[in-house]
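# Requesting a structural model of the entry that follows:
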Amino acid sequence: MIQRLSILDRAPVDDGTTGEEALLNTLKLAKVADKLGYERFWVTEHHNLPTVASASPAMLIGQITAATNRIRVGSGGVMLPNHSPLKVAEDFKLLEAFYPGRVDLGIGRASGSDGLTSLALRRSQQPYNADDLQALVHELIGYDANQQVKGDNQFSHIVAMPREVSLPPISLLGSSPYSAKLAATEGLNYSFAYHFNPIGAKEAITLYRNLYKKKHGKDAPSVILGLSVIGGENDDEVAVQKKVMSIKYLQNMGALQNVDFSNVENISIPAELQSVAQSYLSTLVIGTWDELKIKLDILSNELNVQELIITTSQRGFETRLKLYEKLAELYGINKSKGY
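Numbering: from 1, shown residues only. Alright, predicted model coming up:
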């Protein structure tokens with residue numbers, strides 16, 4: 001049964017708007033989510049992508065936490081292979097110092113960008129190797145003087161400042177058995193990205209829970225299920241949003257060029273791309289408000305998860321705001337928190 005709702009925001013840049021407007025919209029949405037009773041508000045890390053303005057989670061988290069009162073704010077996530085683990089530790093210990101008990105450190109292994117942009121970020125000629133994530137996690141945790149250093153390495157005597165502040169809770173984001181196994185082995189929280197791998201959700205979540213109990217002798221923390229959602233008041237609204245999202249996806253792939261979104265109703269998706277668009281839509285949860293609740297409840301029960309973290313990039317800030325308001329209303333989260 002769903003007990004908590006959270007938001008994952010990409011600061012989507014709508015056609016005809018700017019990245020600055022997208023970031024201000026993210027701040028507005030976070031303030032609303034804070035009042036509505038959402039559990040947490042996470043922001044993503046993407047680079048060199050014109051449709052997404054969220055490139056620096058730590059900077060954005062600081063702005064959001066300063067503008068809200070009680071909602072947890074975090075990264076969904078910091079792509080750890082892009083960064084020095086010491087810098088990540090310093091950034092998030094600083095955030096924890098200013099906002100104790102309100103910060104989440106979500107980490108992942110994807111690049112969040114293309115190969116050349118990843119090279120520009122890392123300034124390394126070495127091949128991008130996300131399979132080093134376990135070593136990077138050990139290094140990250142090792143910079144926290146308040147936690148046990150895992151293994152000996154050349155950086156083991158370095159401490160991320162401020163010394164007395166602990167790292168905030170760490171969640172591993174993933175969509176495969178690899179991430180489930182790593183999260184369980186390292187005793188981390190786990191957030192499964194259903195929108196990346198719907199078919200593999202049950203296997204990965206079950207693996208995490210079973211291995212966590214075997215390794216640590218206790219039940220695993222509650223899994224957070226990440227979902228991408230399209231919603232609307234009626235079937236017509238939903239149909240338009242489905243088309244917009246499909247075209248955006250194909251555009252980001254480079255399969256469509258020079259799209260005029262002001263005339264989206266008259267845009268035809270080429271026959272050879274329709275199956276690609278349909279495959280993408282199959283990873284989303286789509287429907288009118290009542291349909292969404294039914295579908296979300298079914299997923300929650302099937303996977304035995306109590307918290308959903310929902311993202312949407314559907315067109316128009318007001319439509320995204322409405323979606324989150326309706327979900328809060330349908331699940332009564334503001335009432336459950338006494339708002």
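# thinking T288 is in contact with G232, fair?
Yes: between T288 and G232 there is a contact under Cβ atoms under 8 Å: 6.1 Å. All C-beta spots, glycine's among them, are computed from the backbone N, C-alpha and C.
# what's the overlap in contacts for the two?
Residues touching both T288 and G232 (Cβ atoms under 8 Å, 6 or more residues apart in numbering): V238.
# Among these two, which residue is more densely surrounded?
G232 (23 against 16; other Cβ atoms under 10 Å).
# How about the contacts made by the nearest residue to the more buried one once chain neighbours are set aside?
Of all residues not flanking G232 in the chain, V238 sits nearest, at 4.2 Å (Cβ to Cβ, 6 or more residues apart in numbering). Applying Cβ under 8 Å, 6+ apart to V238 gives the contacts 230-232, 286-288.
# Farthest pair within the residues you listed?
For the contacts of V238, the maximum inter-member distance is 10.2 Å, found between I230 and T288 (Cβ to Cβ).
# what's the longest strand along the chain packed up against?
Counting by DSSP state E, the longest strand found in the chain is strand 224-232. Here strand 224-232 touches strand 189-193, helix 235-253, strand 285-288, helix 289-303, strand 307-311, helix 317-331, going by 3 or more Cβ pairs under 8 Å, 6 or more residues apart in numbering; DSSP states H and E.
# That one: how far from the chain's middle?
With Cα atoms, centre = their mean, to the nearest Å as the basis, strand 224-232 stands 11 Å off its chain's centre.
# Parallel or antiparallel, list what pairs with that strand.
strand 189-193 (parallel), strand 285-288 (parallel), strand 307-311 (parallel) (DSSP bridges).
# Lowest-scoring secondary structure element of the protein by mean pLDDT?
helix 115-122 (a mean of 75; mean pLDDT, DSSP states H and E).
# immediately after the host helix or strand of L136, which helix or strand?
Assigned by DSSP states H and E, L136 falls within helix 133-142. Per DSSP H and E, the first helix or strand lying C-terminal to helix 133-142 is strand 170-174.
# Sheet-wise, list the partners of that following strand with their directions.
Strand 170-174 has its sheet partners listed here by DSSP bridges as strand 103-108 (parallel), strand 189-193 (parallel).
# Those strands into CSV, with extra columns for mean pLDDT, distance to I247 and mean neighbour count?
Shown next, in CSV, are the strands paired with strand 170-174 (pLDDT from 0 to 100; distance: least, Cβ to Cβ, whole Å; neighbours: other Cβ atoms under 10 Å):
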stretch, mean pLDDT, distance to I247, mean neighbour count
strand 103-108, 98, 27, 26
strand 189-193, 98, 22, 26
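# Those: which one's closest to S118?
Per Cβ to Cβ, nearest to S118 of these: strand 103-108, 13.2 Å.
# next one: that closest one to chain centre, how far?
9 Å.
# For the strands paired with strand 170-174, could you give me TSV that also reports distance to P168?
Formatted as TSV, the strands paired with strand 170-174 follow (distance: least, Cβ to Cβ, whole Å):
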stretch	distance to P168
strand 103-108	4
strand 189-193	11
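# Identify whichever of the ones you listed lies nearest to K35.
Per Cβ to Cβ, nearest to K35 of those: strand 103-108, 19.4 Å.
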